[in-house]
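In: this is a predicted model, with the sequence first.
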Amino acid sequence: MATLRIALFNSKGGCGKTTLSWNLAMGLSRRGRTLLLDADPQGSTGHWADWADDGGEFAIEVRDLAPVGTEAESYRYLVYDCPPRWDMPEVIAVLQESDVVLVPVLPSPLDLWASRRSAELLRDMRAQRPALRPYFVLNQVEVHSALSRASKAAIAEMDIPVLAVQVGRRAIYRNAAVEGVSVYQTGKRGAAAVDEMERLIEEILK
Ligand SMILES: Nc1ncnc2c1ncn2[C@@H]1O[C@H](COP(=O)(O)OP(=O)(O)O)[C@@H](O)[C@H]1O
Ligand SMILES: [Mg+2]
């Protein structure tokens, strides 16, 4: 089966690229061989690599971020955790070999507008390569909160579709990272987070 390459990209920091990369990679690893390309291997989440292979159900391979080229064929899924930059040749190269680009955004007008340069770059790339599928992913959404009219207007103007699945603001995402595990490895505490990761995965795989 063909390899699916998924990049987490937003030139804005703190929107959830790393959190979603690792948890999605873990969820994908149950479906097929998965390689995570890590923008920040020495950074605060570098220790996550320690549990990348827990000897059980979950096993992902982790490498420094770089385009993978034809070697990717031995993997079913590639997940690229991009640094908060849009102007780095390495980031551009990674986006150019991606099938799906997820742009995590916090559901506020200010955060959305802060992502407009990233959206513009993706629209240009999609115009060149219509098979590219960029999506916004609303992250850290408060339970029962509706998107404001200003947020909806910002999204509409940027002309990038939004995934139906929203990722909630949940302490378990932070706690799992602190414990050095994914939400898949936190038992009942992580059930709601796992459920939304699974729905997110199903939505991009369909
Ligand atoms: N859905 C969420 N619920 C709660 N905390 C989150 C969520 N997503 C991300 N965070 C927290 O927000 C911070 C920034 O997330 P991170 O994934 O590092 O963003 P980025 O990689 O885009 O800079 C981290 O402390 C992370 O634990
Ligand atoms: Mg990050």
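Out: Looks like it came in fine. Ligands and ions are numbered 1, 2, ... in the order given.
In: tell me the mean pLDDT over the lengthiest helix in the chain?
Out: When the chain is parsed with DSSP state H, its longest helix is helix 191-205. On average, the pLDDT along helix 191-205 is 98.
In: same check, this time on stretch 148-162
Out: 94.
In: contacting residues around it?
Out: 103, 107-109, 112-113, 115-116, 119-120, 122-123, 134-138, 147 (Cβ atoms under 8 Å, 6 or more residues apart in numbering). C-beta: built from backbone N, CA, C; applies to glycine.
In: with only the CA atoms kept, save it in PDB.
Out: C-alpha atoms of stretch 148-162 as PDB (Å, rounded to 0.1, in the frame of the first residue of the first chain):
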ATOM      1  CA  SER A 148     -17.100  32.700  17.500                       C
ATOM      2  CA  ARG A 149     -18.300  34.500  14.400                       C
ATOM      3  CA  ALA A 150     -14.900  36.200  14.100                       C
ATOM      4  CA  SER A 151     -13.100  32.800  14.100                       C
ATOM      5  CA  LYS A 152     -15.500  31.500  11.500                       C
ATOM      6  CA  ALA A 153     -14.800  34.600   9.300                       C
ATOM      7  CA  ALA A 154     -11.000  34.100   9.700                       C
ATOM      8  CA  ILE A 155     -11.300  30.500   8.700                       C
ATOM      9  CA  ALA A 156     -13.500  31.200   5.700                       C
ATOM     10  CA  GLU A 157     -11.100  33.900   4.500                       C
ATOM     11  CA  MET A 158      -8.100  31.700   4.700                       C
ATOM     12  CA  ASP A 159      -9.700  29.100   2.400                       C
ATOM     13  CA  ILE A 160      -8.300  26.000   4.000                       C
ATOM     14  CA  PRO A 161     -10.900  23.300   5.100                       C
ATOM     15  CA  VAL A 162     -11.300  22.600   8.800                       C
END
